[in-house]
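Undergrad: Coordinates only, no sequence provided:
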Ligand SMILES: [Zn+2]
């Protein structure tokens with residue numbers, strides 16, 4: 001068995017892992033980086049692929065998949081909700097960045113047509129490779145992928161071992177393998193207590209609104225927006241909460257796939273308490289109201305959150321709550337690091353208060369350590385999807401504990 005890292009070797013983003021075993025070649029994820037310049041993983045020929053597997057519907061794991069369908073008919077496997085969300089996100093990507101992409105809606109349609117929905121913990125066979133998905137706890141439908149051919153390998157995709165209001169966590173009880181390919185986004189950082197961060201967000205929102213201001217929460221449409229709705233609902237938040245954009249379509253997809261949610265009824269109730277934004281008239285009105293606005297995109301890369309952030313940032317009474325990791329080169333990152341907004345080279349100064357709340361959907365350092373320590377056997381640990389320096393330091397540390405770890409570079413082949 002041979003594992004080749006096609007992307008996210010020493011960086012966070014554009015993921016792609018190629019697993020070859022005799023005559024079978026399986027590609028796990030094929031994403032792109034949603035920065036100013038689109039970065040995709042190393043090239044692979046569709047005709048060399050036996051199958052494509054998607055771990056979860058985030059652009060850095062799915063964004064380049066349609067490329068494989070320009071001239072190919074690769075069978076695609078993912079959970080049902082991942083397939084539905086992938087379709088939605090890819091259409092949106094083409095709407096926003098179509099002129100920078102080598103594919104169109106046609107290829108997305110083909111990808112969906114070639115897709116087969118797989119349940120968690122129900123083994124299936126790909127040309128002699130026994131394959132199984134396990135809940136990864138990262139976003140609804142996210143999977144870890146186990147494959148058994150001449151060797152056994154587990155790819156974590158993105159994982160979270162911490163329970164959230166929306167999702168049940170990934171389990172530490174994993175099958176014995178020879179290789180584990182793992183993300184290490186937070187190899188060197190632990191997350192604060194989640195409930196404490198939730199309370200801080202509620203306090204921040206209350207203070208701004210009681211002072212007559214508006215709170216913008218830029219949020220990923222998939223998972224984060226719904227979790228935020230559940231947080232405001234859990235704390236019996238007294239003020240108006242609006243939700244806008246693609247998150248509203250995602251709400252319906254998630255409620256139609258309740259098996260991927262921790263408590264579907266709770267989500268239904270939380271969403272029922274929201275005000276849904278309907279068009280530009282609504283947007284121009286609510287941006288002046290004492291209320292919370294939850295809106296994609298989470299890194300201010302597009303969507304209504306761009307409009308809201310320009311308006312809301314002017315007034316010192318207003319607030320912007322950052323609730324997710326902001327990738328380098330995004331307007332969200334410049335807001336967090338420089339305290340200003342930068343949209344296509346146009347700078348906007350920010351007078352509003354900016355709050356940061358750690359509601360990560362990735363395991364922190366302690367959880368990653370616990371996972372590696374509880375692995376059965378002594379698998380080779382291949383670290384990807386982490387910043388180079390952190391990834392290397394973490395591999396050294398794991399090795400000093402008697403484990404067998406390496407920080408993989410993009411292009412590296414592990415036999
Ligand atoms: Zn992800």
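TA: Alright, I've got the coordinates. Note that the structure is predicted; figures quoted are calculated from it, not measured.

Undergrad: sec struct for the nearest residue to residue 309 once chain neighbours are set aside, please.
TA: Leaving aside its sequence neighbours, residue 309 sits nearest to residue 300 (C-beta to C-beta, 6 or more residues apart in numbering; 5.6 Å). For every residue, glycine as well, the C-beta is placed using N, CA and C. Of the three states, residue 300 takes coil under DSSP: H, G, I helix; E, B strand; the rest coil.

Undergrad: which residues does residue 300 contact?
TA: By C-beta atoms under 8 Å, 6 or more residues apart in numbering, the residues touching residue 300 are 218, 306, 309, 330-332, 335, 341, 343.

Undergrad: Same question for residue 67.
TA: Contacts of residue 67 by C-beta under 8 Å, 6+ apart are 30, 40, 102-103, 107.

Undergrad: repeat that for 6 Å
TA: Listed by C-beta atoms under 6 Å, 6 or more residues apart in numbering, the contact partners of residue 67 are 102-103.

Undergrad: Could you verify that it is part of a helix?
TA: Yes: counting by three-state DSSP, residue 67 falls inside a helix.

Undergrad: State the distance from it to residue 29.
TA: 13 Å (C-beta to C-beta, to the nearest Å).

Undergrad: Let me see the confidence value for the closest residue to the ion within the stretch 251-400 of the chain.
TA: Using C-beta to the ion, the closest approach of the stretch 251-400 of the chain to the ion is made by residue 361 at 6.9 Å. Listed pLDDT for residue 361 reads 95.

Undergrad: Also the one 5 residues further on?
TA: The predicted structure scores residue 366 at 96 on the pLDDT scale.

Undergrad: for it, what are its contacts?
TA: Counting by C-beta under 6 Å, 6+ apart, the residues that residue 366 touches are residue 190.

Undergrad: ok, which stretches of the chain are helices?
TA: When assigned using DSSP state H, the helices of the chain occupy the ranges 59-62, 80-97, 105-113, 194-210, 224-234, 246-255, 264-272, 280-286, 304-312, 331-338, 365-373, 388-400.

Undergrad: Distance to residue 353 added to those, as TSV?
TA: Putting the helices of the chain into TSV (distance: least, C-beta to C-beta, whole Å) gives the following:
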stretch	distance to residue 353
helix 59-62	29
helix 80-97	29
helix 105-113	40
helix 194-210	7
helix 224-234	18
helix 246-255	23
helix 264-272	25
helix 280-286	19
helix 304-312	10
helix 331-338	12
helix 365-373	29
helix 388-400	30
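
Undergrad: To residue 412, which of those helices lies closest?
TA: Taking C-beta to C-beta, helix 388-400 is the member of the helices of the chain nearest to residue 412, at 12.0 Å.

Undergrad: for the closest one, packing partners?
TA: Contacts defined by 3 or more C-beta pairs under 6 Å, 6 or more residues apart in numbering; DSSP states H and E place helix 388-400 against strand 404-407.

Undergrad: buried residues in the strand it packs on?
TA: 405-407 (16 or more other C-beta atoms under 10 Å).

Undergrad: which residues touch stretch 237-245?
TA: With C-beta under 6 Å, 6+ apart, stretch 237-245 has contacts from 209, 232, 274-275, 277, 286, 291-296, 303-304.

Undergrad: What are the contacting residues of stretch 388-405?
TA: 10, 184, 187-188, 372, 380-381, 383, 406-407.

Undergrad: Just flag the most distant two among the residues you listed.
TA: So, the contacts of stretch 388-405 by C-beta to C-beta: farthest apart are 188 and 380, at 21.2 Å.

Undergrad: sorry, back to before: out of the helices of the chain, indicate the one that is most buried.
TA: helix 59-62 (a mean of 26; mean count of other C-beta atoms under 10 Å).

Undergrad: Is there proximity between it and the ion?
TA: No: for helix 59-62 and the ion, the contact criterion (C-beta under 5 Å from the ion) is not met; the two come no nearer than 6.0 Å.

Undergrad: pLDDT (mean, whole number) over that helix?
TA: The model assigns helix 59-62 a mean pLDDT of 94.

Undergrad: Counting neighbours, what do you get for residue 212?
TA: 12 (other C-beta atoms under 10 Å).

Undergrad: Strands of the stretch 1-150 of the chain, residue ranges please.
TA: 2-7, 16-21, 24-28, 51-53, 76-78, 115-117, 124-126, 129-135, 143-148 (DSSP state E, counting those that start in this stretch).

Undergrad: Throw those strands into TSV and include mean pLDDT and distance to residue 196, thanks.
TA: Output for the strands of the stretch 1-150 of the chain, formatted as TSV (pLDDT from 0 to 100; distance: least, C-beta to C-beta, whole Å):
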stretch	mean pLDDT	distance to residue 196
strand 2-7	96	35
strand 16-21	97	35
strand 24-28	98	35
strand 51-53	98	36
strand 76-78	98	34
strand 115-117	98	38
strand 124-126	97	41
strand 129-135	98	25
strand 143-148	98	28
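
Undergrad: could you dump these to CSV with distance to residue 199 and mean neighbour count?
TA: Below are the strands of the stretch 1-150 of the chain laid out as CSV (distance: least, C-beta to C-beta, whole Å; neighbours: other C-beta atoms under 10 Å):
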stretch, distance to residue 199, mean neighbour count
strand 2-7, 37, 22
strand 16-21, 38, 23
strand 24-28, 38, 22
strand 51-53, 38, 23
strand 76-78, 35, 25
strand 115-117, 38, 15
strand 124-126, 43, 13
strand 129-135, 27, 20
strand 143-148, 31, 24
